[in-house]
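A predicted structure for the sequence below; I have some questions about it.
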Amino acid sequence: MRLGLALSTVSVSAFAFVAACLPDPKGEYEDYLERTAGMTGSSSTVADASIDTKPPETAVEALYVGICVTALAARDPSQALRFYTETKFTPDPSGGGKITMAVTPMLGWDKNVPPSGEYTQPKSVSKSETRGATINVADVPVAAGQGRFTANLGTVNLNGEANSVSGRDAVIEGTVLDGRFGGGDRFCTTLGGDLTVPYSFKFDPAQNTCIFVKAKEGDPLPTIASEEFVCPL
C-alpha cells in the first residue's frame, strides 16, 4: 500500500516526511496533483463530534463505520481507510464488559478513472460497499469507567479497491486498535501495526487515529473534520 500524500495544500515539512518513506515521492506527489486537480468532495452527513467513554450497562449490538486517518496519507480524512464494523457489547455486572467486533474494509479506490485510478469513498455505510475479508475479534475486555480496550486484529489484508491512498494491495501485520468504547454514537481508537506489503513501514499509534461512528445499514457516510481525529488514552 504505497500510502501517499493527500493534501490540497502541502507544507514543505509534510512532503519531506513522505519523501523519506516512498520510493518515488516527487513522482507520486506530482501524479496526485494531476489526478486531483479540480476535484470536489462528494455529499455526506456531518457526524456529532461527542464521544461518551462510559461503557453501556446493557447488552448492545450496533453497526459502526470506522474512519482511520494515517500518517502516510498526512492524516487526510479524504484518504482515510474505512471499515464496516459490526459490534456486540456484553456488560459485566461489576462494570465494563466485553466487546466483539467484525471489521470489514470498505471501498476506497476507483480503478476505472484514467490513467491509474483515484481515491473515492463508499456510497453509503452498506455491506455492498465492503471489499475483502472480515476480521473477527471476540470478547475483548472493556474497562469500567473510561471504557479502555485493546483489540488485536492481527493481519489486515487490503485489496486495491479498499486502499484509498494508492489502489494497491497491502498487508498490515500485528494490527492493533487501542481505544475507548462507550454508550454514545462514537468511539475512538489509535491504529498500530507494521505495513509489510508493498513495502515496510511502522504505524505509530500516536500518529494514526480511528473514529467509529454509529450507523444504520444504508446511511450516508459521515463527514469527520481533521481536528476531530483525537483519541486520548
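Sure thing, it's come through.

okay, and the beta partners of residue 213?
Beta-bridge pairing for residue 213 (DSSP bridges): residue 65, residue 186.

does it touch residue 185 like I think?
Yes - counting by CB atoms under 8 Å, residue 213 does reach residue 185; the two are 6.6 Å apart. C-beta coordinates here come from the backbone N, C-alpha and C atoms, glycine included.

what about those two, which has more around it?
Using other CB atoms under 10 Å, the more surrounded residue of residue 213 and residue 185 is residue 213, with 22 against 18.

from residue 62, how far off is that one?
11 Å (CB to CB, to the nearest Å).

quick one: residues contacting residue 169.
Residues counted as contacts of residue 169 (CB atoms under 8 Å, 6 or more residues apart in numbering) are 1, 157-160, 163, 197-198.

most surrounded residue in those?
residue 1 (26 neighbours).

in this structure, which spans are helices?
For the chain, the helices defined by DSSP state H occupy 12-19, 25-36.

ranking those helices by mean pLDDT, which is last?
The weakest mean pLDDT among the helices of the chain belongs to helix 12-19, with a mean of 37.

how much space separates the residue most central in space within the chain from residue 113?
Centroid-nearest residue in the chain: residue 68, 2.3 Å away (criterion: CA atoms, centre = their mean). Here residue 68 is placed at a distance of 23 Å from residue 113 (CB to CB).

likewise residue 216?
Distance, residue 216 to residue 113, by CB to CB: 30 Å.

the two - which one has more neighbours?
Per other CB under 10 Å, whichever of residue 216 and residue 113 has more neighbours is residue 113, with 13 against 10.

ok, back up a step: in JSON lines: the contacts of residue 169, plus pLDDT and distance to residue 133.
Converted to JSON lines, those look like this (pLDDT from 0 to 100; distance: CB to CB, whole Å):
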{"residue": "1", "pLDDT": "43", "distance to residue 133": "16"}
{"residue": "157", "pLDDT": "96", "distance to residue 133": "6"}
{"residue": "158", "pLDDT": "97", "distance to residue 133": "10"}
{"residue": "159", "pLDDT": "96", "distance to residue 133": "9"}
{"residue": "160", "pLDDT": "96", "distance to residue 133": "14"}
{"residue": "163", "pLDDT": "95", "distance to residue 133": "14"}
{"residue": "197", "pLDDT": "95", "distance to residue 133": "15"}
{"residue": "198", "pLDDT": "90", "distance to residue 133": "19"}
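
all strands for this structure, in order.
Here the chain has its strands, by DSSP state E, at 45-46, 60-69, 81-91, 97-105, 109-110, 118-119, 135-142, 148-158, 170-180, 186-197, 201-203, 209-215, 222-223.

so residue 127 makes contact with residue 217?
Yes - counting by CB under 8 Å, residue 127 touches residue 217, with 7.2 Å between them.

which parts of stretch 109-128 are buried?
109, 117-122, 124-126 (16 or more other CB atoms under 10 Å).

and the end-to-end length of that stretch?
End-to-end distance for stretch 109-128: 15 Å, by CA to CA, to the nearest Å.
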